[in-house]
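Peer 1: next input, structure requested:
(one chain, ligands or ions: 2)
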Amino acid sequence: MRRWDGLEGIPSGQGRSVVAVGVFDGVHRGHRAILEAAVGRGRELGLPVVAVTFDPHPRAVLTGTAPPVLTPLERRLELLGEYGADAVCVLAFTKDLSSLTPEEFVRRVLVDRLHAAAVVVGEDFRFGHRAAGDVAALAGFGAGYGFTADGIALVADGDAITSTRVRALLSEGAVAEAADLLGRPHRVEGEIVHGAARGRELLGFPTANMDLLPGTAVPGDGVYAGWLSRVAPVAGHESRWPAAISVGTNPTFDGAERTVEAYALDRDDLELYGVRMTVDFTARIRGQERFDSIDELIVAMRRDVDLCRDVLGAA
Ligand SMILES: Cc1cc2nc3c(=O)[nH]c(=O)nc-3n(C[C@H](O)[C@H](O)[C@H](O)COP(=O)(O)O)c2cc1C
Ligand SMILES: Nc1ncnc2c1ncn2[C@@H]1O[C@H](COP(=O)(O)OP(=O)(O)O)[C@@H](O)[C@H]1O
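Peer 2: Numbers count the residues shown, from 1 in each chain. Ligands and ions are numbered 1, 2, ... in the order given. Alright, predicted model coming up:
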């Protein structure tokens, strides 16, 4: 998968292509339906598939507040590649880009640079200044400029699958339901940093504390089962562990800062400070509690660890 930053990043000799356009945050099952349709068109026409995505999120520029990030750019690109994009063009969603009229957007991005033969979008796709363009408008321009436009029906499981819905489920702690819509568990990424040094000594459960990428969508406070993994696996070494994960302010210790920390089940010998890791959230175990004593917290953590082991199918 090739990455092109900005319209200038597209090679000048680029021939015709099938273009899928969207923010694609989460690369959820609905996004995948769009990519699958694009891959199908690419096969019919014998053309490569180019995904066009926006970063930062358009809402950051349009409303001043970006929604929590489900898939940081690197991860989004990796997934778009996995699901069939031959290249991804990342457009900075600037005031300039957002003030292009629908026809200017079509001409500058889709026609002049990408030589689109077919454009595939979600049926609710809007583009151009004040979101004035829709799929019908896209098809109209396509008739003039020589590309087809397909608006793919939103995949639904009762309600349409959207990034907004995934974010809402995560904030409620409904990580299994979010995983259903995503087609895989929600993942957060960050470097392992020092915490309050209580885990190993006081509680008997060392926890890797994550310094998350800014803007990350973090599940609501609670205890979760999931997986702790190295971003860059080391050959000949384990790089992925079943884990019990805590998201919250450590209320038993009157903590103020919200942390994401993961205990790799049945291990106490890992050296993870400074290492980039991911945490995948598979199932919710319970909410955060403020215990009256450390012993009560330890009893609860032991129970959590047993439940996580069962849920994750670890020995
Ligand atoms: C499985 C698990 C469950 C936890 N549950 C709670 C909880 O209910 N209440 C709480 O105050 N802290 C909870 N914690 C967080 C611990 O308080 C935290 O791991 C401990 O303070 C160590 O902090 P440190 O890593 O900064 O040293 C939990 C941690 C884990 C791994
Ligand atoms: N099973 C494990 N799960 C997570 N981290 C572990 C594990 N075993 C050892 N570690 C290491 O211990 C560190 C956490 O120790 P801890 O006593 O909780 O201190 P702190 O929270 O201050 O970093 C982790 O960052 C990691 O480097």
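Peer 1: and the stretch 151-300 of the chain, which residues reach ligand 2?
Peer 2: 192, 194-197, 199-200, 206-209, 263-264, 267-273 (CB under 6 Å from any ligand atom). C-beta coordinates here come from the backbone N, C-alpha and C atoms, glycine included.
Peer 1: same list, those, but only the ones touching ligand 1.
Peer 2: Answer for these near ligand 1 (CB under 6 Å from any ligand atom): 195-197, 199, 207, 209, 263.
Peer 1: list buried residues within those residues.
Peer 2: The neighbour count (16 or more other CB atoms under 10 Å) marks 195, 199, 207, 209, 263 as buried among these.
Peer 1: and which of the residues you listed is nearest ligand 1?
Peer 2: Taking CB to the nearest ligand atom as the measure, G195 is the one of these closest to ligand 1, at 2.4 Å.
Peer 1: what helix or strand is the nearest residue to that closest one once chain neighbours are set aside on?
Peer 2: Spatially, and ignoring its direct neighbours in sequence, G195 is nearest to N209 (4.0 Å; CB to CB, 6 or more residues apart in numbering). Using DSSP states H and E, the element containing N209 is strand 208-212.
Peer 1: that strand pairs with which strands?
Peer 2: strand 186-193 (antiparallel), strand 259-264 (antiparallel) (DSSP bridges).
Peer 1: nearest to F281, of the ones you listed?
Peer 2: strand 186-193 (5.0 Å; CB to CB).
Peer 1: and whichever residue of the chain sits closest to ligand 2, what's its pLDDT?
Peer 2: Nearest residue of the chain to ligand 2: G199, at 2.2 Å (CB to the nearest ligand atom). G199 carries a pLDDT value of 88.
Peer 1: any figure for the gap between it and L272?
Peer 2: As for G199, its distance to L272 is 12 Å (criterion: CB to CB, to the nearest Å).
Peer 1: next: V49.
Peer 2: 38 Å.
Peer 1: compare the two (neighbour count), which wins?
Peer 2: V49 (26 against 18; other CB atoms under 10 Å).
Peer 1: would you agree the more buried one is in contact with L35?
Peer 2: Yes. Taking CB atoms under 8 Å as the definition, V49 is a contact partner of L35 at 7.5 Å.
Peer 1: still on that earlier bit, now render the strands paired with strand 208-212 as TSV, adding mean pLDDT.
Peer 2: Below are the strands paired with strand 208-212 laid out as TSV (pLDDT from 0 to 100):
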stretch	mean pLDDT
strand 186-193	98
strand 259-264	98
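Peer 1: pick the most deeply packed of those strands.
Peer 2: strand 259-264 (a mean of 24; mean count of other CB atoms under 10 Å).
Peer 1: contacts for that strand, please.
Peer 2: Contact with strand 259-264 is made by 188, 190, 195, 199, 205-210, 212, 218, 226, 228, 241-250, 270, 277, 279, 301, 305, as judged by CB atoms under 8 Å, 6 or more residues apart in numbering.
Peer 1: let's see it at 6 Å
Peer 2: 205, 207-210, 228, 241, 243-247, 270, 279 (CB atoms under 6 Å, 6 or more residues apart in numbering).
Peer 1: what's the pLDDT at R302?
Peer 2: Confidence score, pLDDT, at R302: 98.
Peer 1: quick one: it and ligand 1, what's the gap?
Peer 2: R302 is 9 Å from ligand 1, where distance means CB to the nearest ligand atom, to the nearest Å.
Peer 1: what strands line up against the helix or strand where V120 lies, and which way round?
Peer 2: Using DSSP H and E, V120 sits in strand 116-122. Using DSSP bridges, strand 116-122 pairs in its sheet with strand 17-21 (parallel), strand 148-152 (parallel).
Peer 1: would you turn the ones you listed into a markdown table with mean pLDDT and distance to T101?
Peer 2: Below are those laid out as a markdown table (pLDDT from 0 to 100; distance: least, CB to CB, whole Å):
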| stretch | mean pLDDT | distance to T101 |
| --- | --- | --- |
| strand 17-21 | 98 | 16 |
| strand 148-152 | 97 | 17 |
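Peer 1: just the buried subset of the contacts of strand 259-264, please.
Peer 2: 205, 207-210, 228, 241, 243-247, 279.
Peer 1: out of those, what pair is the most spread apart?
Peer 2: Largest pairwise distance in these, by CB to CB, is 17.6 Å, between W241 and V247.
Peer 1: secondary structure class for the residue nearest to P219 when sequence neighbours are not counted?
Peer 2: Among residues not flanking P219 along the chain, L170 sits closest, at 4.9 Å (CB to CB, 6+ apart). State at L170, reduced to three classes by DSSP: H, G, I helix; E, B strand; the rest coil: helix.
Peer 1: cool, thanks, talk later.
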